[in-house]
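Asker: quick check, what structure comes out for this input:
(chains A and B)
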Amino acid sequence: MASAERDGFGFDAIGKGSDLDLSAFEPKPKLIDRASADAASEVAESAGFTRRTSAKAEARSRTKATAKTTAVADKGRKRRVNINDLLGIEDRYPETERAQLNLLAPVPVVLRWRQLVKDASVPAWEVLERAMEALEAKSGPGAAGNRS
Amino acid sequence: MALVLFANTKGGSGKTTAALVLAGELVKHRAKVVLLEGDPNRPLMNWAQARGMTVLETSRSRVTSAAQAAELIEGAATTDVDGGRLTVVHDDDQEGVFDWIEGASAWAHFVIADPEGSPNEWLTQVASQADLVIIPFAPSALDAKQVSRTVQVLQKVGKLSRREIKYQILLTRAGAGAVMTRDEREIRQSLEKNGLPLMKTTLCERPAYRGLFKLDATIGELPETKINGLDNARRNAAEYISEVFAILKESTRTQTEAA
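Answerer: Numbering: from 1, shown residues only, chains lettered A, B, ... in the order given. Just a heads-up that it's a prediction; the model follows:
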C-alpha cells in the first residue's frame, strides 16, 4: 500500500487487497487489571450470572484433599470399581457439555422440588446447583461430593 | 494489541458470525489473530477443526503463566495464504482465562473473544479487560431488551472498577433490502434517543454469513460459485472491519493521550 493513499487511520485501502496499518496494534502483553476483574466477578455474582467451572475446580481440589481419607475409609471393605478411575479419565462428561440427570424420589419430595423450581424462576439445574452449594457451605467442602 | 469482546446475554444475536467475519478479514490483512471462545457449544472450535486447524482447549492445555500460553498459541497458529495467522483457543476452564488473554496479547495483534450467549461470568471477566465490547443484536424487541441488560452489566463493571468499558452496538441479521422494517426503525430511533452508540455498519442477513459455517471458510475463502451475493457480503464485511478498526484506533489514540 502506498503511503500517499493512507488516511489518518490507515485503513482506507481495505478491500483493495492492501494491508491494514497494524502498527498501533503491535503484540504487547496485556497487563490484567485486577480491580476490574474483581469488579466483574462481583457484578456477575450479584446478577446471578453462571460460572462455568467453579464446580469442577472445587471437585478437583476436593478429590485431592479427600483422597487420603477415602483410601483409609475404604480399607477393609469392598467398594465399587469406577472404570474412569482405572483408566485415569477425570470426568465422563466434560464440564462444558450437558448431561441428563434422572432420579426417582418420593412424591412429596418431587412436589417440593417442582414448587422450588417454579418459585425460583430459573432452570432446574441452577436450583440444584444452589442447593448443592448451600449444602457444601453448611457442612464444609466435599459434603455433597464425597463418594464414600 | 486490542482485545475485542462480542457480548450479548442472549443467544442467536450473531456474536459468533460477527467475530468470525472480523477475524477472517483481519487475517486476510496479515494480522495475527486469536479467537478466544468461551461458548460451550463450541461453534468456533468446530469450525476450526473442520478446517484441520489445531484448537487449543484450555482444560487440556493447562498453563501456569502467560508466557506458556503465548508459546502454545504461536505453536498452534495457522498461516493464511496472505500471511496472516490465526489461532483458536476454546476456553472450557475459566480459571486461567487471564493467563490466556495475557499470552494471546503477547503474540497477536487482535484477540477476539466470543462468549456464550447467556448471562455468564466469563463474559464479564473478559469485558473487564476488553479494549472494545461489541454488542451484536438482531432487530427485534426481544433482542433489544437483552442489549439493555448487557449495557447495564458493562456499566456496572465500569463503575465498580472506575474504568470506562468502551462498547458499540452492532445491528446484525437485518434485512439486506432497501426497506427497513418497522421494528428496526423503532429500535434505531430508541438507541439514538438514549444516546447509545450504534455502529454505522449493519451485518445484514446474507447467504455468505451462513456459508461461513456451512463451508467452514472465511469470507475471503468463500467460493463465488456456491454463494449468492458474495460481492455485497464482502463489501459489507469490509465496511464493518473498517469501522471496527477506526473505533479501535481512536480508542488507542485517546488512551495514549490520556497516559
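Asker: mind checking how far the strand or helix carrying B:Ala23 is from the chain centre?
Answerer: Assigned by DSSP states H and E, B:Ala23 falls within helix B:15-28. Average the C-alpha atoms of helix B:15-28, do the same for its chain, and the two points are 7 Å apart (CA atoms, centre = their mean, to the nearest Å).
Asker: now for the following helix or strand past that helix, which elements pack on it?
Answerer: Scanning forward in sequence from helix B:15-28 by DSSP H and E, the next helix or strand is strand B:32-38. Contact here means 3 or more CB pairs under 8 Å, 6 or more residues apart in numbering or on different chains; DSSP states H and E; on that basis strand B:32-38 packs against helix B:15-28, helix B:43-50, strand B:85-90, helix B:97-107, strand B:110-115, helix B:121-127. Heads up, the C-betas are built off the backbone N, CA and C, glycines and all.
Asker: mind showing which ranges of the stretch 1-150 of chain B have poor pLDDT?
Answerer: Judged by pLDDT under 70, the stretch 1-150 of chain B has no weakly predicted residues.
Asker: sorry, slip of the keys, the one I care about is chain A.
Answerer: Across chain A, the ranges flagged by pLDDT under 70 are A:1-19, A:52-97, A:140-148.
Asker: residues of the stretch 101-250 of chain B that sit close to chain A?
Answerer: Taking CB under 8 Å from any CB of the partner chain as the contact definition, the stretch 101-250 of chain B meets chain A at B:101-103, B:105-110, B:118-125, B:127-129, B:153, B:156-157, B:160-163, B:234-235, B:238, B:241-242, B:245-246, B:248-250.
Asker: where along the chain do the helices fall?
Answerer: By default, I'm working from chain A. Using DSSP state H, the helices of chain A run over residues A:34-46, A:54-74, A:83-87, A:107-120, A:124-139.
Asker: try chain B instead
Answerer: With DSSP H as the criterion, chain B has helices spanning B:15-28, B:43-50, B:66-76, B:97-107, B:121-127, B:141-161, B:182-193, B:207-214, B:230-258.
Asker: please identify the deepest-packed of the ones you listed.
Answerer: A comparison of the helices of chain B by mean neighbour count, using mean count of other CB atoms under 10 Å in any protein chain shown, puts helix B:121-127 on top with a mean of 27.
Asker: can you pull the contacts of B:Ala138?
Answerer: When contacts are counted by CB atoms under 8 Å, 6 or more residues apart in numbering or on different chains, B:Ala138 is found next to B:12-14, B:171-174.
Asker: state the distance from B:Leu56 to A:Ser139.
Answerer: Distance, B:Leu56 to A:Ser139, using CB to CB, to the nearest Å: 38 Å.
Asker: gap between A:Glu45 and A:Ile32?
Answerer: From A:Glu45 over to A:Ile32 the distance is 19 Å, taken as CB to CB.
Asker: compare neighbour counts for these two and give me the winner.
Answerer: Neighbour comparison, A:Glu45 and A:Ile32: the larger count goes to A:Ile32, with 18 against 12 (by other CB atoms under 10 Å in any protein chain shown).
Asker: I'd assumed B:Ile101 was in contact with the more buried one.
Answerer: Yes - A:Ile32 sits in contact with B:Ile101 when judged by CB atoms under 8 Å, with a separation of 6.9 Å.
Asker: overlap in contacts of the two?
Answerer: When CB under 8 Å, 6+ apart defines a contact, the residues bordering A:Ile32 and B:Ile101 alike are B:Gln129.
Asker: sorry, back to before: show the buried residues in the contacts of B:Ala138.
Answerer: Applying 16 or more other CB atoms under 10 Å in any protein chain shown to these, the neighbour count classes B:13-14, B:171-174 as buried.
Asker: closest one of those residues to chain A?
Answerer: Of all the buried ones among the contacts of B:Ala138, chain A sits closest to B:Ser13, with 16.8 Å by CB to the nearest CB.
Asker: need phi/psi at that closest one.
Answerer: B:Ser13 adopts backbone torsions of phi -90, psi -10, taken as degrees, to the nearest 10.
Asker: just B:Leu222 next, same as before
Answerer: In terms of degrees, to the nearest 10, the main-chain angles of B:Leu222 are phi -60, psi 140.
Asker: and it, what's its pLDDT?
Answerer: Model confidence at B:Leu222, expressed as pLDDT, equals 92.
Asker: measure the closest residue to it other than its chain neighbours to chain A for me?
Answerer: The shortest distance from B:Leu222 to any residue other than its chain neighbours is 5.3 Å, reached at B:Gly211 (CB to CB, 6 or more residues apart in numbering or on different chains). If you measure B:Gly211 against chain A using CB to the nearest CB, to the nearest Å, the figure is 18 Å.
Asker: next up, the contacts around B:Gly211.
Answerer: Residues in contact with B:Gly211, defined by CB under 8 Å, 6+ apart, are B:217, B:222, B:226-227.
Asker: rerun that using 7 Å as the cut-off
Answerer: B:Gly211 makes contact with B:217, B:222, B:227, according to CB atoms under 7 Å, 6 or more residues apart in numbering or on different chains.
Asker: would you turn those residues into a markdown table with neighbour count?
Answerer: Formatted as a markdown table, the contacts of B:Gly211 follow (neighbours: other CB atoms under 10 Å in any protein chain shown):
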| residue | neighbour count |
| --- | --- |
| B:Ala217 | 20 |
| B:Leu222 | 21 |
| B:Ile227 | 22 |
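Asker: the helices and strands packed on strand B:32-38: which one's closest to B:Ala141?
Answerer: Comparing the helices and strands packed on strand B:32-38 against B:Ala141 with CB to CB, the closest turns out to be helix B:15-28 (18.9 Å).
Asker: tell me the angle of the closest one relative to helix B:230-258?
Answerer: Orientation note: helix B:15-28 sits at an angle of 80 degrees relative to helix B:230-258 (axes from the mean of the first three to the mean of the last three CA atoms, to 10 degrees).
Asker: how about residues contacting stretch B:165-177?
Answerer: When contacts are taken as CB under 7 Å, 6+ apart, the neighbours of stretch B:165-177 outside the stretch itself are B:13-14, B:17-18, B:127, B:130-139, B:147, B:151, B:154, B:157-158, B:181, B:184, B:191, B:196-199, B:202-206, B:247, B:251.
Asker: pLDDT of that stretch, averaged?
Answerer: This predicted structure assigns stretch B:165-177 an average pLDDT of 87.
Asker: so how far is it off the chain centroid?
Answerer: If you compare the mean C-alpha spot of stretch B:165-177 with that of the full chain, they lie 12 Å apart, counting by CA atoms, centre = their mean.
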